[in-house]
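>>> Have a look; sequence and predicted model below, questions after that.
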Amino acid sequence: MPDITLRLHKDMLVLSAPLTAVLARQGVDVGRDLEYLNLVEPEAVVDALRLESLAGAKCLVTTTEGIAPARLAHHGMEDRASEVAHAALDAVAELKPQHVLAEIGPCGLPLDGSSAASLNENRSQYARAARAFEGGTFDAYFLEGFTSAVDLKCALMGVRQMSDHPAFASIQVEPDGLLADGRTTLEEAVAVMEEFGACVAGFTTGAPEDEAVALCERAVQACSLPVLVQLRVASHAPRQGDVTPENPYFCPDTLVGAAVRLRSAGAQFLRAVGDVTPAYTGALAATVDGLDVARRCDEDRTSVSGEVEPSLEERLAAARESVAAALAEGR
């Protein structure tokens, strides 16, 4: 397995789509059984991931979005986090992908940003989730599905307390670039990712192509990290015929033009999420396969803007300092 950090700012890469829509169509109660499926029916997970791999995804994402202890506790599995994590890694490894991302989603606990106790409990949830993958083989953590910059900060701090492993981070944004709270901007969320040691800054949007490209340009301008864009499919509706603001990515073909423009805007990683099929991943992969990133870093780490890009080691050292300072200040 090649080191994914050697490919940052270089190759266009597509991530496998979430398996929830595909498994739900097969009758799986994904809200209840997704993580458990790694233990009792790993072949179902492998088969679904195999379709993503055949579609062209170079980065396969584990089915562990609900790996945080508080999430597993809802299903009586809080003591089996490590077992679930390693079963998920085994399922992905069976397909021999180029890269493996270990997914960690929001822990689901109430979060009061003004309460040290609340912040500590949330950070602990993510540290324990990260610990569950210890000893496994994977390229990076993937912190995905977050709607709050404070929650994402807790996740990054929890991971950084446990590991120096690379981490992808992604936040959900509205078409205007605001988070769900209506106050925090995409730029502010990306700044949190960069400060607390993410190696890739990402966002998820269901906005039409023009708005998605504009958001990508904003993320690229806001940080020196490679950018991940996740396009959310509201509904797979191939008979819809025309793009609508509510469902702009109604069929896989709609992603082709979006992928071309997002690459030009500076994105390196692309992913289809929501009500998707492997064909959506295939459309992204066929469009960018073999292409270099438009926003390149030279070997001397001088960016296209003329500024020297910090190395991953330098970013991690800075992130450790930020985590230590935040903990000392109780935030």
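Sure, I can see it. Numbers count the residues shown, from 1 in each chain.
>>> all strands of the chain, in order?
Here the chain has its strands, by DSSP state E, at 13-14, 59-61, 99-104, 140-146, 167-172, 200-205, 227-233, 269-274.
>>> Redo the ones you listed as JSON lines? Include mean pLDDT.
As requested, those are exported to JSON lines (pLDDT from 0 to 100):
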{"stretch": "strand 13-14", "mean pLDDT": "98"}
{"stretch": "strand 59-61", "mean pLDDT": "98"}
{"stretch": "strand 99-104", "mean pLDDT": "98"}
{"stretch": "strand 140-146", "mean pLDDT": "97"}
{"stretch": "strand 167-172", "mean pLDDT": "98"}
{"stretch": "strand 200-205", "mean pLDDT": "98"}
{"stretch": "strand 227-233", "mean pLDDT": "98"}
{"stretch": "strand 269-274", "mean pLDDT": "98"}
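>>> For the ones you listed, give me a markdown table that also has mean neighbour count and distance to Glu52.
Heads up, the C-betas are built off the backbone N, CA and C, glycines and all. Below are these laid out as a markdown table (neighbours: other CB atoms under 10 Å; distance: least, CB to CB, whole Å):
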| stretch | mean neighbour count | distance to Glu52 |
| --- | --- | --- |
| strand 13-14 | 26 | 9 |
| strand 59-61 | 24 | 7 |
| strand 99-104 | 25 | 12 |
| strand 140-146 | 25 | 14 |
| strand 167-172 | 26 | 17 |
| strand 200-205 | 25 | 17 |
| strand 227-233 | 24 | 14 |
| strand 269-274 | 26 | 10 |
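>>> Quick one: closest of the ones you listed to Glu78.
For the strands of the chain, proximity to Glu78 was assessed by CB to CB; strand 99-104 is nearest, at 14.9 Å.
>>> The closest one versus strand 167-172: what angle between them?
Between the axes of strand 99-104 and strand 167-172, defined by axes from the mean of the first three to the mean of the last three CA atoms, to 10 degrees, the angle is 60 degrees.
>>> I'd like to know which elements strand 99-104 is packed against.
strand 59-61, helix 81-93, helix 116-131, strand 140-146 (3 or more CB pairs under 8 Å, 6 or more residues apart in numbering; DSSP states H and E).
>>> ok, 10 Å please
Contacts defined by 3 or more CB pairs under 10 Å, 6 or more residues apart in numbering; DSSP states H and E place strand 99-104 against strand 59-61, helix 81-93, helix 116-131, strand 140-146, helix 149-162, strand 167-172.
>>> how far off helix 149-162 does the third one point, in degrees?
What that stands for is helix 116-131. Orientation note: helix 116-131 sits at an angle of 50 degrees relative to helix 149-162 (the same axes, to 10 degrees).
>>> then helix 116-131 to CSV, C-alphas only?
The C-alpha trace of helix 116-131 is given here as CSV (Å, rounded to 0.1, in the frame of the first residue of the first chain):
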residue,chain,number,x,y,z
ALA,A,116,-14.9,22.3,29.6
ALA,A,117,-16.6,19.1,30.8
SER,A,118,-18.7,18.8,27.6
LEU,A,119,-15.6,19.4,25.4
ASN,A,120,-13.5,16.9,27.3
GLU,A,121,-16.2,14.2,27.0
ASN,A,122,-16.6,14.8,23.3
ARG,A,123,-12.8,14.7,22.7
SER,A,124,-12.6,11.5,24.7
GLN,A,125,-15.2,9.9,22.4
TYR,A,126,-13.1,10.6,19.4
ALA,A,127,-9.9,9.5,21.1
ARG,A,128,-11.5,6.2,21.9
ALA,A,129,-12.8,5.8,18.4
ALA,A,130,-9.3,6.5,17.0
ARG,A,131,-7.8,4.0,19.5
